[in-house]
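**Student:** this is a predicted model, with the sequence first.
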Amino acid sequence: MRALISPSILSADFTNLERDLHRIARADYAHVDVMDNHFVPNLTLGLPVVKRIAEVSPVPIDVHLMIEDADRWALDYAQAGAASVTFHAEATQAPVKLARELRAAGVRASVALRPATPVEPFLDLLGEFDMVLVMTVEPGFGGQSFIEGTLPKVRRLRASITEQGLDTWIQVDGGVARSTVATVAEAGANVLVAGSAVYGAADVAAEIDALRALADDALGAH
Ligand code: DX5
Ligand code: ZN
């Protein structure tokens with residue numbers, strides 16, 4: 001399995017987004033964090049900005065919705081040009097219905113779990129999702145430190161995906177850097193989000209390559 005790198009533009013310069021999107025042109029996706037100041041205590045950007053980002057980005061857009069009432073809003077992000085839309089399990093009434101609607105709209109459908117949200121209710125439903133995002137920090141801010149206790153969830157997910165013969169991706173988001181990327185990939189995560197580690201690096205392109213190489217090595221066993 002090959003690792004996919006999705007730098008989070010939460011750590012980019014919001015007044016120079018187009019420039020900063022081009023700085024991650026060798027990544028697999030651009031991770032766009034949408035926050036509504038209700039589901040999380042922070043506010044970022046919404047539909048009109050995502051639409052423009054999708055138009056100018058050199059790589060496909062991976063939208064991470066940290067908003068309440070995802071059932072109402074997620075489809076709009078599919079129509080705004082995202083390639084993948086992730087909504088939170090804690091913010092939807094009908095995750096399977098929503099995932100089916102997203103797939104019907106032609107985007108990858110993904111469900112996210114906060115650190116304290118169990119994965120077990122989703123294990124029999126994994127075929128309904130293209131990706132599961134295991135949050136490795138409490139969502140809301142970049143630059144937080146990685147929560148080790150989320151790793152067993154990644155391992156249980158990978159085991160279940162393998163057992164069922166599925167191709168569901170596992171994304172991790174929060175505190176992913178050179179020091180943690182091998183651990184999460186070894187546990188079975190194949191889509192790595194990194195914000196401060198990538199945009200805080202002196203050479204952004206080299207950092208993406210370094211994270212990918214470390215993750216590819218650690219994913220070898222999967
Ligand atoms: C946090 C966001 C992340 C954030 C990660 O809620 O979902 O995508 O940008 O930032 P780092 O990689 O700095 O932990
Ligand atoms: Zn995110």
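**Tutor:** Looks like it came in fine. Ligands and ions are numbered 1, 2, ... in the order given.
**Student:** use CA for all of it now, contacts and neighbours both
**Tutor:** OK.
**Student:** what does this protein put close to ligand 1?
**Tutor:** With Cα under 6 Å from any ligand atom as the criterion, the chain meets ligand 1 at residues 8, 10, 33, 139-144, 173-176, 194-197.
**Student:** can you pull out the helices in this structure?
**Tutor:** With DSSP state H as the criterion, the chain has helices at 17-22, 47-56, 70-79, 95-104, 120-123, 151-164, 181-187, 196-199, 204-219.
**Student:** residue 40 against residue 66, yeah?
**Tutor:** Yes. The pair residue 40 / residue 66 is scored as a contact, 6.5 Å apart, by Cα atoms under 8 Å.
**Student:** need the residues touching each of those two.
**Tutor:** Taking Cα atoms under 8 Å, 6 or more residues apart in numbering as the contact rule, residue 40 and residue 66 both touch 139-140.
**Student:** between these two, who's got more neighbours?
**Tutor:** More neighbours surround residue 66 than the other of residue 40 and residue 66, with 27 against 16 (other Cα atoms under 10 Å).
**Student:** can you tell me the closest non-neighbouring residue to that one?
**Tutor:** Leaving out its chain neighbours, the residue that sits closest to residue 66 by Cα to Cα, 6 or more residues apart in numbering is residue 35, at 4.8 Å.
**Student:** quick one on the thing from earlier: can you say which of the residues of the chain next to ligand 1 are buried?
**Tutor:** 8, 10, 33, 139-143, 173-176, 194-197 (16 or more other Cα atoms under 10 Å).
**Student:** of all those, which comes closest to residue 70?
**Tutor:** Residue 70 lies nearest to residue 33 out of these, by Cα to Cα, at 13.7 Å.
**Student:** for the closest one, list each beta-bridge partner.
**Tutor:** Going by DSSP bridges, residue 33 is paired in beta bridges with residue 64.
**Student:** in JSON lines, list the helices of the chain along with mean pLDDT and distance to residue 131.
**Tutor:** Below are the helices of the chain laid out as JSON lines (pLDDT from 0 to 100; distance: least, Cα to Cα, whole Å):
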{"stretch": "helix 17-22", "mean pLDDT": "98", "distance to residue 131": "23"}
{"stretch": "helix 47-56", "mean pLDDT": "98", "distance to residue 131": "20"}
{"stretch": "helix 70-79", "mean pLDDT": "98", "distance to residue 131": "15"}
{"stretch": "helix 95-104", "mean pLDDT": "98", "distance to residue 131": "10"}
{"stretch": "helix 120-123", "mean pLDDT": "98", "distance to residue 131": "11"}
{"stretch": "helix 151-164", "mean pLDDT": "98", "distance to residue 131": "11"}
{"stretch": "helix 181-187", "mean pLDDT": "98", "distance to residue 131": "15"}
{"stretch": "helix 196-199", "mean pLDDT": "98", "distance to residue 131": "22"}
{"stretch": "helix 204-219", "mean pLDDT": "98", "distance to residue 131": "17"}
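**Student:** want to throw those into a markdown table with distance to residue 111?
**Tutor:** As requested, those are exported to a markdown table (distance: least, Cα to Cα, whole Å):
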| stretch | distance to residue 111 |
| --- | --- |
| helix 17-22 | 24 |
| helix 47-56 | 19 |
| helix 70-79 | 11 |
| helix 95-104 | 8 |
| helix 120-123 | 9 |
| helix 151-164 | 13 |
| helix 181-187 | 18 |
| helix 196-199 | 23 |
| helix 204-219 | 22 |
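**Student:** and those: which comes nearest residue 134?
**Tutor:** Here helix 151-164 is closest among those (Cα to Cα), at 6.9 Å.
**Student:** in the closest one, which residues are buried?
**Tutor:** Judged by neighbour count using 16+ other Cα under 10 Å, the buried positions of helix 151-164 are 151, 153-155, 157-158, 160-161.
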